[in-house]
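Trainee: 3D, please:
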Amino acid sequence: MKKVRSFTNPIFIALFILAAAFVPPLRAAEPPALAGHWAGAIELPGTKLDFDLDFAFAGGAWTGDVTIPLQNARNLPLEGIAVDGTKVTFAIKDVPGAPAFKGEFSPDGLKITGQMTQGGQPFPFSVTKEAVDPAAKAAAALEGFDKVAEEGLKALKVPGLAIAVIKDDKVVYARGFGYKDVETKLPVTPDTIFAIGSSSKAFTVFALGKLVDEGKVEWDKPVRNYIPWFRLYDQSAGERLTVRDLVMHDSGLPRHDLVWYNNQKVTREELVRRLPYLQPSADLREKWQYNNLMYLTAGYLVEQLTGKRWEDAVRSLVFEPLGMKRANFSVLESQKDADFSFPYVTDDKGIKKIPFRDITIIGPAGSINASVNEMARWAIVHLNNGKSGGAQLINTATVADMHTSHVALGVESTTPEILAEAYGMGWFTDVYRGHRRYHHGGNIDGFSAMVSVLPNDGLAFVALSNMNGTGLPELLIRTAADRILGLEAKDWIGEAAKRIALGEEAAKKAEEKKGTRKVPGTKPAHALADYAGAYTHPGYGDLKVEVAANRLVFTYNGITNPLEHWHYETFNGLKADDPTFTDFKLTFGTDLNGRVASLAGVFDAAVDDIVFRKKPEARLSDPAYLKQFVGSYDLSGQTVVVSLKGNVLTGALPGQPEIELVPDLGGEFYLKQARIISVRFLTGPDGAVTGLEFIQPGGIYEAKKTK
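Mentor: Residues are numbered from 1 along each chain as shown. Predicted coordinates:
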């Protein structure tokens, strides 16, 4: 079910559509007393509507704008601004009904009171001049924040981090802390490039939103309208799933991340075509479940709609209009930049540099890399309703749709200061300590990120770090927001450090006990060589098992991991350079003939075990090998004719249709129309084919080769 939440004030919208009152023309000889920032409220029936004003006087003319936080209306232009002695008048430009204001200065010139008139109905208003510009006030609130960030690095064992704070359309704070390269002690700067992980999702949604504005796609039309062959495991869900569903995590699929993780050989189209083979864990729109593959599909849809790679489409639709010249789509590209960070993890020995993980394949869900200085421009366009540098890059309604709470997360908040947790499109939404917020983090090997926007307060934050799975970016953002908003101080970082310490101690104890689940005194049912081979799953692709140094080793998506026998037919992943499959269990299965025929593992805990079937030997599909079996065979007076068509063997009895012989394990074949019957070819001492056997449940029938 969808949960839609609106922040619109219907009373004020109603006022907007009333007829405008008369607005006096601009007068000459305007004194500059009006210049500056003013904040106050309009007294509507039963409530007050907060708003603020900015006025400037240059070249003999006034300019100004109004911001109405509750409406998420930012920097709407004013017109007809005039000052006559103690009197001041102005109106909101290009708003239906043109609401007009008439007011009067207080004797000290620091307050304006008067009436906002629409349709003949007056509503009192008052504003007070603020001595300090809001951006300067926000910057002042962050005095001493450098020390907080530096202590946070130490407390949470993070090598480096950069953070930018935006008030309205101004960056009021941008700093780098710690090191981007621990070994050489190179410092992080606001221009250091980090991987932003899943914070990339909002870029894919923004690109789609611009295509919506252009009429090339509709949010609520089925994906199959644009990708006709699109399917899901559940046929009905595949037919009904919309473009909006792709970016709201309500497709019914759990993560299934191992399908794409570290996969360098498939294309995005191939991964989309694998979706029908991935089991869902819920019905379409039944509940919220995070899923990167749906975002990959959204990116593939962008490619189909634009005729460009997702990377090129996002660059032209988003990066270039925002002037994000150094942002890129691959960690391989990041390393060519003069200012980039290495990725890090922590282990029992401390902070450790790790290899970059190339996740280009899942790019639409998480492969963007950028600096906080460039990401600040991205935050501003969302803070200002799709506007950047005076240009409207995307329709206001479209960007507002992205920030709207569409799907409740369905979980109870573990932090009492955060309520109403939901998801929009590319953004999480909630209420942080009474303040509306939308945000999205990102975690990918060695990097953690957070982009957070408090629209009603005109605040936005970007924090990027080079530590795997750390919460420091979010915790520093909370601390900065608390200071700027004047909220009661809370030691977010100190509390997190305590929880982490307790968690680490619990993890050590848990690891000590993991061996108690192992059944002692068992051994494999087969020789190790029998487990070796190629295995496949239509959704998860191929997996290979080999024997090396007298143990099994498996390779999946380019990650190789040694195995130890755990118990019975189950093997366990040992520690390896790549930790993905450490303590990962694989259980082998046998067929009716006692041959190792499959392996299964918990590749996604939300669905059934993923079962990979062992592939027959490759030579059973090689015409050069198969031609030796072609000929006639005598089966108790009946002639069986074996033929070769391309790379497929067929068999036929007189007067009967040909039956395809399908390659099977153990060098055998089975009848396509009757899998229960197998065929095994016999050879003599010299290796020449001498006959074949039909293997049935009730017996084995031999046929000698006659020619």
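
Trainee: distance of Ala460 from Ala164?
Mentor: From Ala460 across to Ala164, the span is 8 Å (C-beta to C-beta, to the nearest Å). The way it works is simple: take the backbone N, C-alpha and C, and place the C-beta from them, glycine included.

Trainee: now Arg478
Mentor: Taking C-beta to C-beta as the measure, Arg478 and Ala164 are separated by 15 Å.

Trainee: mind checking which helix or strand of the protein has the lowest mean pLDDT?
Mentor: For the chain, using mean pLDDT, DSSP states H and E, the weakest element among its helices and strands is helix 10-16, scoring a mean of 36.

Trainee: and whatever helix or strand comes next after it, which strands flank it?
Mentor: Heading C-terminal from helix 10-16, the first helix or strand you meet, by DSSP states H and E, is strand 36-44. Using DSSP bridges, the strands paired with strand 36-44 in its sheet are strand 47-58 (antiparallel), strand 121-130 (antiparallel).

Trainee: can you redo those as JSON lines with mean pLDDT, mean neighbour count and distance to Ala136?
Mentor: What follows is these, written out as JSON lines (pLDDT from 0 to 100; neighbours: other C-beta atoms under 10 Å; distance: least, C-beta to C-beta, whole Å):
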{"stretch": "strand 47-58", "mean pLDDT": "93", "mean neighbour count": "17", "distance to Ala136": "13"}
{"stretch": "strand 121-130", "mean pLDDT": "93", "mean neighbour count": "17", "distance to Ala136": "10"}
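
Trainee: Tell me which of the ones you listed lies nearest to Lys614.
Mentor: strand 47-58 (67.2 Å; C-beta to C-beta).

Trainee: what sits up against the closest one?
Mentor: Strand 47-58 has contacts (C-beta atoms under 8 Å, 6 or more residues apart in numbering) with 9, 11-12, 30, 32, 34-42, 62-70, 75, 78, 81, 127, 134.

Trainee: 7 Å instead?
Mentor: Residues outside strand 47-58 that contact it (C-beta atoms under 7 Å, 6 or more residues apart in numbering): 9, 12, 30, 32, 34-42, 62-70, 81, 127.

Trainee: if we can go back for a sec, Ala460 and Ala164: who's more crowded?
Mentor: Ala460 (29 against 25; other C-beta atoms under 10 Å).

Trainee: which non-adjacent residue is nearest that one?
Mentor: Distance criterion C-beta to C-beta, 6 or more residues apart in numbering; nearest residue to Ala460, sequence neighbours excluded, is Ala379 at 3.8 Å.

Trainee: Show the average pLDDT along the helix ranked longest in the chain.
Mentor: Scanning the chain for the longest helix, with DSSP state H as the assignment, gives helix 492-513. Averaged over helix 492-513, pLDDT sits at 90.

Trainee: helices or strands next to it in the packing?
Mentor: Counting by 3 or more C-beta pairs under 7 Å, 6 or more residues apart in numbering; DSSP states H and E, the packing neighbours recorded for helix 492-513 are helix 145-155, helix 472-485.

Trainee: What are the buried residues along the following helix or strand past it?
Mentor: Going down the chain from helix 492-513, the next helix or strand is helix 528-531, by DSSP H and E. Under the neighbour-count criterion of 16 or more other C-beta atoms under 10 Å, helix 528-531 has Leu528, Tyr531 buried.

Trainee: Remind me what helix 528-531 packs against, helices and strands.
Mentor: The contact analysis (3+ C-beta pairs under 7 Å, 6+ apart) places helix 528-531 against strand 541-548.

Trainee: run the last query once more with 10 Å
Mentor: With contacts taken as 3 or more C-beta pairs under 10 Å, 6 or more residues apart in numbering; DSSP states H and E, helix 528-531 sits against strand 541-548, strand 551-556, strand 559-567, strand 585-590, strand 596-601.

Trainee: do you know which of the ones you listed lies nearest Ala140?
Mentor: Nearest to Ala140 among the helices and strands packed on helix 528-531 is strand 559-567 (49.9 Å), distances taken as C-beta to C-beta.

Trainee: outside of the next helix or strand after that closest one, which residues touch it?
Mentor: Moving toward the C-terminus from strand 559-567, the next helix or strand (DSSP H and E) is strand 570-573. Strand 570-573 has contacts (C-beta atoms under 10 Å, 6 or more residues apart in numbering) with 514-515, 518-519, 522, 524, 528, 531, 545, 551-552, 554, 559, 561-566, 579-588, 599-601.

Trainee: Quick check on those residues: which are buried?
Mentor: For the contacts of strand 570-573, buried by 16+ other C-beta under 10 Å: 524, 528, 531, 545, 552, 554, 559, 561-563, 565-566, 579-581, 584-588, 599-601.

Trainee: just to revisit the earlier point, tell me, what's touching Ala460 and Ala164 both at once?
Mentor: Counting by C-beta under 10 Å, 6+ apart, the residues touching both Ala460 and Ala164 are Val171, Met375, Ala376, Ala379, Val451.

Trainee: Is the last one located within a strand, as I assumed?
Mentor: Yes: if the criterion is DSSP: H, G, I helix; E, B strand; the rest coil, then Val451 is within a strand.

Trainee: I figured it was touching Ala463, is that so?
Mentor: Yes: if you go by C-beta atoms under 10 Å, Val451 and Ala463 touch, sitting 8.2 Å apart.

Trainee: what is in contact with the two at once?
Mentor: With C-beta under 10 Å, 6+ apart as the test, Val451 and Ala463 both reach Ala164, Val372, Met375, Gly441, Pro473, Ile477.

Trainee: Among the shared contacts of Ala460 and Ala164, which pair sits farthest apart?
Mentor: Farthest pair in those (C-beta to C-beta) is Val171 and Val451. Separation: 13.8 Å.

Trainee: what sits in contact with each of those two?
Mentor: Residues touching both Val171 and Val451 by C-beta under 10 Å, 6+ apart: Ala164, Val372, Ala376, Ala379, Ala460, Val462.

Trainee: Find the one among the helices and strands packed on helix 492-513 with the highest mean neighbour count.
Mentor: Of all the helices and strands packed on helix 492-513, helix 472-485 has the most neighbours on average by mean count of other C-beta atoms under 10 Å, namely a mean of 23.

Trainee: Helix 145-155 and that one, what's the angle between them?
Mentor: Counting by axes from the mean of the first three to the mean of the last three C-alpha atoms, to 10 degrees, helix 472-485 lies at 150 degrees to helix 145-155.

Trainee: Once you drop chain neighbours, what's closest to Glu79?
Mentor: Lys93 (4.2 Å).

Trainee: Lys308 too?
Mentor: Using C-beta to C-beta, 6+ apart and skipping the chain neighbours, the partner closest in space to Lys308 is Ser316 (7.4 Å).

Trainee: Run a quick neighbour tally on that neighbour.
Mentor: Other residues near Ser316 come to 14 when the count uses other C-beta under 10 Å.

Trainee: Phi first, then psi, for the residue sitting furthest away from the middle of the chain.
Mentor: Here the chain reaches farthest from its C-alpha mean at Gly637, the gap being 66.2 Å by C-alpha atoms, centre = their mean. Main-chain dihedrals, Gly637, degrees, to the nearest 10: phi 90, psi -10.
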